[in-house]
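Enquirer: Fold the following for me, if possible:
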Amino acid sequence: MDTSYLGLDGKVALVTGGSRGIGKAIAAQLADAGADVAISGRKQEGLDAAATELATGTKRILPIAAHSRKPDELAALVETVVAELGRIDVLVNNAATNPVMAPLVDVETQTYDAIMETNVRGYFLVARAAARHMIERGEGGCILNISSVGGVSPDPGLGVYCISKAAINMLTRALAIELGEHGIRVNAIAPGVVRTRFSQALWSNEPLMKQEMAHTPLSRISEPEEVARLALSLVTDASAYVTGQIVVMDGGGSV
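Expert: The predicted structure follows:
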């Protein structure tokens with residue numbers, strides 16, 4: 001059976017937040033599919049370690065430190081990928097933060113700003129820079145935003161994070177409308193709880209997970225590799241006619 005539509009030979013992908021968790025799993029999946037992959041994050045040391053682990057065969061893994069709250073670094077990130085790898089065909093916006101679990105009325109302004117600057121403005125700035133490159137090159141492309149089921153249905157104590165993810169969902173739809181004429185597809189994955197260090201405070205909380213699993217048909221949380229496989233299908237020709245979609249991946253919990 002021909003599965004070439006799942007391949008990324010000759011393509012270049014950029015994955016933000018690619019040194020661990022969901023981002024690292026996606027980077028591995030894209031590299032296995034044939035792409036050269038640039039990964040970004042705040043700390044060069046962690047990126048270098050991830051790049052060494054991800055490097056297989058002839059595919060190149062390029063680690064570039066860039067802080068999601070620093071616009072100049074994000075602009076330089078896209079420029080460096082194009083300079084070093086020649087192009088960007090796929091952007092996966094994944095870098096995110098959530099430094100607090102508290103009711104909205106207790107969240108400090110600086111905490112709100114930090115979350116929104118990283119999770120929303122950071123996504124916008126990288127997507128804008130990558131889209132400009134894709135438009136100029138004239139060969140289309142794909143942008144995938146990693147959102148959250150919290151952007152569809154909010155959770156108590158995670159209000160600002162959920163607001164940021166709802167904004168990402170709208171960013172996804174708005175970009176899809178505007179970039180479609182250039183052959184650029186834009187979609188998002190909205191996972192539920194994924195077994196990563198980022199969400200460990202949730203999945204290690206047994207009472208909370210018992211409550212969560214009570215209304216989750218598959219009765220478990222997901223693994224980063226499962227998100228990565230879905231990501232691969234959305235950035236390849238397997239989904240060539242799919243754009244503007246928020247794909248909820250929560251084991252059926254939102255049904």
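Enquirer: residue ranges for the helices of the stretch 151-255 of the chain, please.
Expert: With DSSP state H, counting those that start in this stretch, the ranges of helices along the stretch 151-255 of the chain come out as 159-179, 200-203, 206-213, 224-235.
Enquirer: Where among the ones you listed is average confidence lowest?
Expert: Lowest mean pLDDT of the helices of the stretch 151-255 of the chain: helix 200-203, a mean of 65.
Enquirer: Point out where the protein drops to low pLDDT.
Expert: 1-3, 57-58, 199-205 (pLDDT under 70).
Enquirer: where exactly do the strands run in it?
Expert: In the chain, the segments counted as strands under DSSP state E are 12-16, 36-41, 61-65, 90-93, 141-146, 184-191, 246-249.
Enquirer: Pipe these into CSV and attach mean neighbour count and distance to Ala27 per row.
Expert: In this view, the C-beta of every residue, glycine as well, is placed from N, C-alpha and C. Shown next, in CSV, are the strands of the chain (neighbours: other CB atoms under 10 Å; distance: least, CB to CB, whole Å):
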stretch, mean neighbour count, distance to Ala27
strand 12-16, 28, 5
strand 36-41, 28, 5
strand 61-65, 20, 7
strand 90-93, 29, 8
strand 141-146, 26, 12
strand 184-191, 25, 15
strand 246-249, 20, 18
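Enquirer: Export those strands as TSV, with columns for distance to Val235.
Expert: Formatted as TSV, the strands of the chain follow (distance: least, CB to CB, whole Å):
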stretch	distance to Val235
strand 12-16	7
strand 36-41	11
strand 61-65	17
strand 90-93	5
strand 141-146	5
strand 184-191	8
strand 246-249	12
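Enquirer: Name the stretch from the helices of the stretch 151-255 of the chain that approaches Asp32 most closely.
Expert: Across the helices of the stretch 151-255 of the chain, Asp32 has its closest neighbour in helix 224-235 (8.5 Å, CB to CB).
Enquirer: relative to strand 184-191, how tilted is that closest one?
Expert: 160 degrees (axes from the mean of the first three to the mean of the last three CA atoms, to 10 degrees).
Enquirer: who does helix 224-235 touch, helix- and strand-wise?
Expert: Applying 3 or more CB pairs under 8 Å, 6 or more residues apart in numbering; DSSP states H and E, we find helix 224-235 packed against helix 21-32, strand 90-93, strand 141-146, strand 184-191, strand 246-249.
Enquirer: ok, now with 10 Å
Expert: strand 12-16, helix 21-32, strand 90-93, strand 141-146, strand 184-191, strand 246-249 (3 or more CB pairs under 10 Å, 6 or more residues apart in numbering; DSSP states H and E).
Enquirer: closest one to Ser40 among these?
Expert: Ranking these by proximity to Ser40 (CB to CB) places strand 12-16 first, at 4.9 Å.
Enquirer: Among the helices of the stretch 151-255 of the chain, which comes closest to Glu53?
Expert: Closest approach to Glu53 among the helices of the stretch 151-255 of the chain is made by helix 224-235 (13.7 Å; CB to CB).
Enquirer: Same question for the closest one: list its buried residues.
Expert: Pro224, Glu226, Val227, Ala228, Leu230, Ala231, Leu232, Leu234, Val235 (16 or more other CB atoms under 10 Å).
Enquirer: Near Arg69, how many residues? Count them for me, please.
Expert: Using other CB atoms under 10 Å, Arg69 has 17 neighbouring residues.
Enquirer: if I look at it, how far off is Ala75?
Expert: 13 Å (CB to CB, to the nearest Å).
Enquirer: Pull the distance from stretch 82-95 to the chain's centre.
Expert: Relative to its chain's centre, stretch 82-95 lies at 13 Å (CA atoms, centre = their mean, to the nearest Å).
Enquirer: correction: stretch 41-53
Expert: Centroid separation for stretch 41-53 versus its chain: 17 Å, with CA atoms, centre = their mean.
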